[in-house]
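# Take this sequence and fold it.
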Amino acid sequence: MFITFEGIEGSGKTTARQLLAQELEKRGHDVLLTREPGGCGLGRALRPILLDARNSGLCNRAELYLFLADRAQHVAEIIRPALEAGQIVICDRYTDSTLAYQGYGRGRDPDRLRRANDLATGGLQPDLTLLCDLPVSAGLERAGLRNRREGTVLSEGRFDGESLNFHERVRQGYLAIAAEEPDRIAIIDASQPPEDVVLQCLSAVERHLKQRGSGLE
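Below is the predicted model:
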């Protein structure tokens, strides 16, 4: 099973995916946690280029192609082998991030981005996407606090520094994608405490598995 987490900056998806993985492992499932960018060797090299606030001169086209290069390698090296081995793969960001950020946020054509994603992934789609949603102002406040606490304001803050309008477009983009694919995407109220967020995530996973004729043990 391939599960992805999506959301705006500061939506808490990284914490939620870790808690979800712990719950699934308690129930005997073999879980692989990964992320984009940075889930493979190439991604770890590209992550500082893409997220460092000092790389403000990175043009939109270069940004897109670097994300796609990371995704292509990530799928080939990490995600597909894990799925073929029977693991549950939980990934922090995937193809919907490209549609939301480079599409709705940057204004690139969504249909072209979908085709580019298909080329990069070989058509591999998530079975379930958990969209951690909350107001932009709350997310940016959380992201700022996190980056100051961890000392990553520069090294991880390039997208945090975008305009409020940019982040609003990204959030609305995510909600539009979710409206188009309600069977795949579950909207999670990320304004709740982490323990409540993970319960929502578990419920969404259970609903999805029941639709497939199985369930969590």
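
# give me the low-pLDDT residue ranges for this structure?
Applying pLDDT under 70 to the chain flags residues 153-155, 214-217.

# residue ranges for the strands of it, please.
For the chain, the strands defined by DSSP state E cover 2-7, 31-35, 88-92, 128-133, 185-189.

# Deepest-packed of those strands, please.
With neighbours defined as mean count of other Cβ atoms under 10 Å, the strands of the chain peak in mean count at strand 2-7, which reaches a mean of 25. All C-beta atoms are positioned from the backbone trio N, CA, C, and that covers glycine.

# okay, the angle between that one and strand 88-92?
20 degrees (axes from the mean of the first three to the mean of the last three Cα atoms, to 10 degrees).

# Looking at the strands of the chain, which is nearest to Glu25?
For the strands of the chain, proximity to Glu25 was assessed by Cβ to Cβ; strand 31-35 is nearest, at 5.4 Å.

# Point out the other helices and strands that the closest one packs with.
For strand 31-35, the elements it packs on are helix 13-26, strand 88-92, judged by 3 or more Cβ pairs under 8 Å, 6 or more residues apart in numbering; DSSP states H and E.

# Dump these into TSV; add distance to Leu119 as well.
Shown next, in TSV, are the helices and strands packed on strand 31-35 (distance: least, Cβ to Cβ, whole Å):
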stretch	distance to Leu119
helix 13-26	25
strand 88-92	18
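
# Which of these sits closest to His167?
Of all those, the one in closest proximity to His167, counting by Cβ to Cβ, is helix 13-26 (14.8 Å).

# in that closest one, what's buried?
Neighbour-count burial for helix 13-26 flags 13-21, 23-24 (criterion: 16 or more other Cβ atoms under 10 Å).

# among the helices and strands packed on strand 31-35, which is nearest Ser191?
Nearest to Ser191, of these and by Cβ to Cβ, is helix 13-26 at 12.3 Å.

# which one of the helices and strands packed on strand 31-35 lies closest to Gly173?
Nearest to Gly173, of the helices and strands packed on strand 31-35 and by Cβ to Cβ, is helix 13-26 at 15.6 Å.

# Can you tell me what sits against the closest one?
Contacts to helix 13-26, defined as Cβ atoms under 8 Å, 6 or more residues apart in numbering, come from residues 3, 5-7, 31, 33, 35, 88, 90, 92-93, 130, 132, 188, 190, 194-195, 197-198, 201-202, 205, 216.

# Repeat the analysis, applying 10 Å as the threshold.
1, 3-7, 12, 29-35, 88, 90-93, 130-132, 146, 188, 190, 194-195, 197-202, 204-205, 216-217 (Cβ atoms under 10 Å, 6 or more residues apart in numbering).

# can you tell me the distance between the two ends of stretch 52-67?
14 Å (Cα to Cα, to the nearest Å).

# Same question for stretch 46-59.
Rule used - Cα to Cα; the end-to-end distance of stretch 46-59 is 15 Å.

# ok, Gln172 touching Gly103?
No. Gln172 is beyond contact range of Gly103, at 11.2 Å (criterion: Cβ atoms under 10 Å).

# More neighbours: these two, which one.
Neighbour count, other Cβ atoms under 10 Å: between Gln172 and Gly103, Gly103 has more, with 24 against 14.
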